[in-house]
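Student: Here is my input, please return the structure:
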Amino acid sequence: MSLSPSSKPLLPELSEQELQSRIEELTRKLRNSDIYLLLKQLALQETKACSLNGQPLVLSNAHFVSEVQNKIHKSALSKVLTNQVYRELKLRDPASQDGEPLGFIRRAQLLWEKRILKSLNTMCSELSVPLARKRSKQEQIELKTKWNEIGAGNPNLEQYRPVYAPKDFLEVVANLSNPNSVATQPESQLGYWGIVQVNLDVKTIEQLRVEYSSMAMDKCQSGLDDKYQTSQFAVERDSNMKKVCKQGVSAVCELASRRGNPVGQRAAMWERVLGVRVDDIDRLYYAQLKNEVILHDLMIDNIIFKDIKLTSVNDDFFFVFEDYSTNAEESQRDDSESSEGLLERQDRQRELLCRLPTEWGHSVPATASHMYVATLSFIYADSVRLYFVFRNSKRCSSLLPPCTVSPQTPKECSAISALFESLLMGLAPSLFFHLVSIGCAPLKIAFKWLMRAFSGYLEADQLLILWDRMISHDSTEVLAILAAGLFLYRSTNLTNVTSPAAAEAIMADLSTVKVVPVLQIVLAHSSLSSSSPDKTK
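Tutor: Next up is the predicted model:
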């Protein structure tokens with residue numbers, strides 16, 4: 001499978017010096033991975049084989065080096081190395097390394113972190129509980145015994161509450177403003193009706209149509225065209241995806257998944273795309289995380305339990321996965337890779353007080369954040385595989401929208417919100433203006449969808465179909481496209497409402513929505529951006 005002309009390159013055009021720096025960076029990362037040890041072992045075996053055959057062992061000998069390289073290329077490690085390099089390229093985030101360059105964004109981020117810290121400390125004071133403590137021997141034995149029933153027998157959780165909700169973060173996003181951008185006209189003449197007031201470079205509908213050309217109406221899609229019994233697409237698609245999955249190259253699997261995955265191939269394809277390769281070392285690592293959960297009791301545990309009781313337990317589809325998905329979410333709190341070193345093995349209370357990350361999955365859960373893990377429980381029966389898919393999806397930022405106010409990349413909530421508003425204003429300006437005029441900004445309805453990646457709102461099968469597109473494109477822009485499409489889909493009813501409550505009632509039930517047709521309608525919609533407010537200029 002070849003890359004299409006519209007596919008984004010992994011790396012931008014780099015100068016020779018920048019390219020050399022990137023190569024050195026990747027080399028350092030690979031030296032610290034288990035791939036390096038496997039490659040070193042294979043090279044050592046080839047060296048011993050040459051010695052037994054009486055060949056001279058001179059490392060500077062070009063022929064000998066070429067033989068070792070060919071041996072590696074023909075081995076199974078070649079694909080593993082290719083996938084690892086591909087994954088490292090995707091994980092690299094220049095913004096996170098260089099720091100946020102905009103001062104007003106840094107100030108907003110600092111205020112948000114202080115707000116979360118204050119909320120946690122206030123809750124601790126009200127309930128007279130510590131942020132972290134070591135469990136007694138008896139408590140450790142009890143928890144280890146009921147690990148597979150961890151959702152049962154929790155203490156009274158009535159007084160615990162989520163640290164923040166989507167509406168709280170929407171308030172942060174709405175209050176962002178660039179002090180260097182001074183309006184020269186009265187607010188009524190600015191021509192922009194949205195909530196996000198920071199000038200962001202969001203994509204137009206034409207750019208999205210090219211970016212997501214794999215979802216064009218003239219191309220068959222898994223989750224839509226394979227529903228017809230007389231269609232040969234389902235049979236051919238399943239056969240082709242099995243071949244792609246067996247090949248095991250992450251980049252090829254990613255491209256193949258852009259038109260959706262057959263139900264039987266979804267779990268394996270997501271693992272390939274996200275770079276999940278569970279071995280004995282990973283299972284040992286998961287066991288260590290489990291022991292850390294048993295050893296230490298955190299106040300955040302009870303917040304997670306409360307969130308589970310309020311969301312997935314009351315859901316007709318997700319309640320059966322309560323204990324199973326709770327184990328994965330509890331384990332990630334002690335993962336130094338997943339939580340950026342929040343919970344080091346020593347002096348946990350001091351670390352908790354000093355370092356509180358604001359991303360939802362990094363141990364400070366928002367309302368209904370557990371629904372992400374519950375959704376993955378549909379397709380992963382192995383708790384270890386579930387955990388590593390969950391962790392890698394957070395690291396790649398392809399599956400879970402981070403709760404951060406920085407608009408540095410299109411994956412972040414502020415940029416997704418701006419993209420949603422820009423799309424809806426461009427495609428249905430009269431509808432957008434009508435909703436704003438009655439005091440119901442569309443983003444107030446859609447923001448909770450964007451924050452939760454539609455988990456808990458769509459039917460389970462449609463949610464997985466949506467996540468197929470999101471993971472394969474390594475972008476949450478598809479969330480904004482779907483959200484705008486839902487408003488277009490119900491525009492006839494929305495234009496007749498006269499109150500915010502009526503508009504919210506119309507958009508409350510998404511159980512009948514079919515994801516693929518809505519996405520295709522939006523991407524095929526004729527652009528009206530020339531007659532609508534343009535926020536990107």
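Student: switch to C-alpha atoms for all contacts and neighbour counts from now on
Tutor: Will do.
Student: Quick one: the helices in the stretch 201-350 of the chain, in order.
Tutor: Ranges of helices in the stretch 201-350 of the chain, per DSSP state H, counting those that start in this stretch, are 205-211, 233-247, 250-256, 266-274, 280-295, 299-310, 322-332, 348-354.
Student: and of these, who's closest to residue 394?
Tutor: If you check each of these against residue 394 by Cα to Cα, helix 266-274 wins as the nearest, at 9.8 Å.
Student: Make TSV from the helices of the stretch 201-350 of the chain and add mean neighbour count to it.
Tutor: Listed next are the helices of the stretch 201-350 of the chain as TSV, based on neighbours: other Cα atoms under 10 Å:
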stretch	mean neighbour count
helix 205-211	16
helix 233-247	16
helix 250-256	21
helix 266-274	23
helix 280-295	16
helix 299-310	20
helix 322-332	23
helix 348-354	15
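Student: and of the ones you listed, who's closest to residue 17?
Tutor: Of those, nearest to residue 17 by Cα to Cα is helix 250-256, at 25.9 Å.
Student: before we move on, back to that, quick one: closest of the helices of the stretch 201-350 of the chain to residue 157.
Tutor: Of all those, it is helix 299-310 that lies closest to residue 157, at 6.1 Å by Cα to Cα.
Student: for the closest one, packing partners?
Tutor: The contact analysis (3 or more Cα pairs under 8 Å, 6 or more residues apart in numbering; DSSP states H and E) places helix 299-310 against helix 322-332.
Student: Name the SS class of residue 133, please.
Tutor: Secondary structure, DSSP: H, G, I helix; E, B strand; the rest coil: residue 133 is strand.
Student: isn't it right up against residue 293?
Tutor: No - using Cα atoms under 8 Å as the test, residue 133 is too far from residue 293 to be in contact (11.1 Å).
Student: Which helix in the protein has the most residues?
Tutor: helix 103-127 (DSSP state H).
Student: and it, average pLDDT?
Tutor: Across helix 103-127, pLDDT averages out at 83.
Student: what does stretch 144-162 give?
Tutor: pLDDT averaged over stretch 144-162 gives 72.
Student: end to end, how far does it reach?
Tutor: 26 Å (Cα to Cα, to the nearest Å).
Student: just for the protein, where's the confidence low?
Tutor: 1-14, 50-64, 90-101, 149-155, 181-192, 228-231, 311-370, 395-411, 526-537 (pLDDT under 70).
Student: Please enumerate the strands of it.
Tutor: 132-134, 296-298 (DSSP state E).
Student: could the ones you listed be laid out in CSV, adding mean neighbour count?
Tutor: Converted to CSV, the strands of the chain look like this (neighbours: other Cα under 10 Å):
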stretch, mean neighbour count
strand 132-134, 16
strand 296-298, 19
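Student: okay if I get those as a markdown table plus distance to residue 89?
Tutor: Supplementary listing: the strands of the chain in a markdown table, determined by distance: least, Cα to Cα, whole Å:
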| stretch | distance to residue 89 |
| --- | --- |
| strand 132-134 | 36 |
| strand 296-298 | 34 |
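Student: thinking again about what came up before, so which of the helices of the stretch 201-350 of the chain is nearest residue 31?
Tutor: Among the helices of the stretch 201-350 of the chain, helix 280-295 sits nearest to residue 31 (Cα to Cα), with 16.9 Å.
Student: helices or strands up against that closest one?
Tutor: Counting by 3+ Cα pairs under 8 Å, 6+ apart, helix 280-295 packs on helix 137-145, helix 322-332.
Student: Next, the angle helix 137-145 makes with it.
Tutor: Relative orientation of helix 280-295 and helix 137-145, computed by axes from the mean of the first three to the mean of the last three Cα atoms, to 10 degrees: 140 degrees.
Student: Verify the contact between residue 272 and residue 247 for me.
Tutor: No - counting by Cα under 8 Å, residue 247 is not a contact partner of residue 272; they are 10.0 Å apart.
Student: Between the helices of the stretch 201-350 of the chain, which one is closest to residue 509.
Tutor: Per Cα to Cα, nearest to residue 509 of these: helix 299-310, 18.3 Å.
Student: and the angle for that closest one with helix 103-127?
Tutor: 90 degrees.
Student: Pull the number of nearby residues for residue 129.
Tutor: Neighbours of residue 129 under the rule other Cα atoms under 10 Å: 13.
Student: same thing with residue 458?
Tutor: By other Cα under 10 Å, neighbour count at residue 458 equals 20.
Student: same thing with the one 3 residues further on?
Tutor: One way to gauge burial is a neighbour count; for residue 461, by other Cα under 10 Å, it gives 14.
Student: Kindly report the same for the one 3 residues further on.
Tutor: Residues lying near residue 464 (other Cα under 10 Å) number 23.
Student: One more: residue 392?
Tutor: Residue 392 has 21 nearby residues by other Cα under 10 Å.
Student: mind checking how far stretch 421-440 is from the chain centre?
Tutor: 28 Å (Cα atoms, centre = their mean, to the nearest Å).
Student: What residues sit buried inside it?
Tutor: 421-429, 431-436, 440 (16 or more other Cα atoms under 10 Å).
Student: And these, which is closest to residue 391?
Tutor: Nearest to residue 391 among those, with distances taken as Cα to Cα, is residue 421, at 30.0 Å.
Student: Enumerate every residue touching that closest one.
Tutor: 194, 442, 443, 484 (Cα atoms under 8 Å, 6 or more residues apart in numbering).
Student: Name the nearest residue to the first one, ignoring sequence neighbours.
Tutor: On the basis of Cα to Cα, 6 or more residues apart in numbering, the spatially nearest residue to residue 194 that is not a chain neighbour turns out to be residue 421, at 6.3 Å.
Student: before we move on, the earlier item: which one of the strands of the chain lies closest to residue 65?
Tutor: That would be strand 296-298 among those, by Cα to Cα, at 50.1 Å.
Student: what about the closest one, distance to the chain center?
Tutor: In this view, strand 296-298 has its centroid 26 Å away from the chain centroid, taken as Cα atoms, centre = their mean.
Student: do stretch 459-479 as well
Tutor: Using Cα atoms, centre = their mean, the offset of stretch 459-479 from its chain centre is 10 Å.
Student: just stretch 118-130 next, same as before
Tutor: 30 Å.
Student: Alpha carbons of that stretch, as PDB, please.
Tutor: This file holds the C-alpha atoms of stretch 118-130, laid out as PDB (Å, rounded to 0.1, in the frame of the first residue of the first chain):
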ATOM      1  CA  LYS A 118      -7.000  24.100  45.300                       C
ATOM      2  CA  SER A 119      -9.900  21.900  44.600                       C
ATOM      3  CA  LEU A 120      -8.000  18.800  45.700                       C
ATOM      4  CA  ASN A 121      -6.700  20.400  48.900                       C
ATOM      5  CA  THR A 122     -10.100  21.700  49.800                       C
ATOM      6  CA  MET A 123     -11.700  18.300  49.400                       C
ATOM      7  CA  CYS A 124      -8.900  16.800  51.600                       C
ATOM      8  CA  SER A 125      -9.600  19.400  54.300                       C
ATOM      9  CA  GLU A 126     -13.400  18.900  54.200                       C
ATOM     10  CA  LEU A 127     -13.100  15.100  54.400                       C
ATOM     11  CA  SER A 128     -10.100  15.000  56.700                       C
ATOM     12  CA  VAL A 129      -8.300  12.600  54.500                       C
ATOM     13  CA  PRO A 130      -4.700  12.700  53.200                       C
END
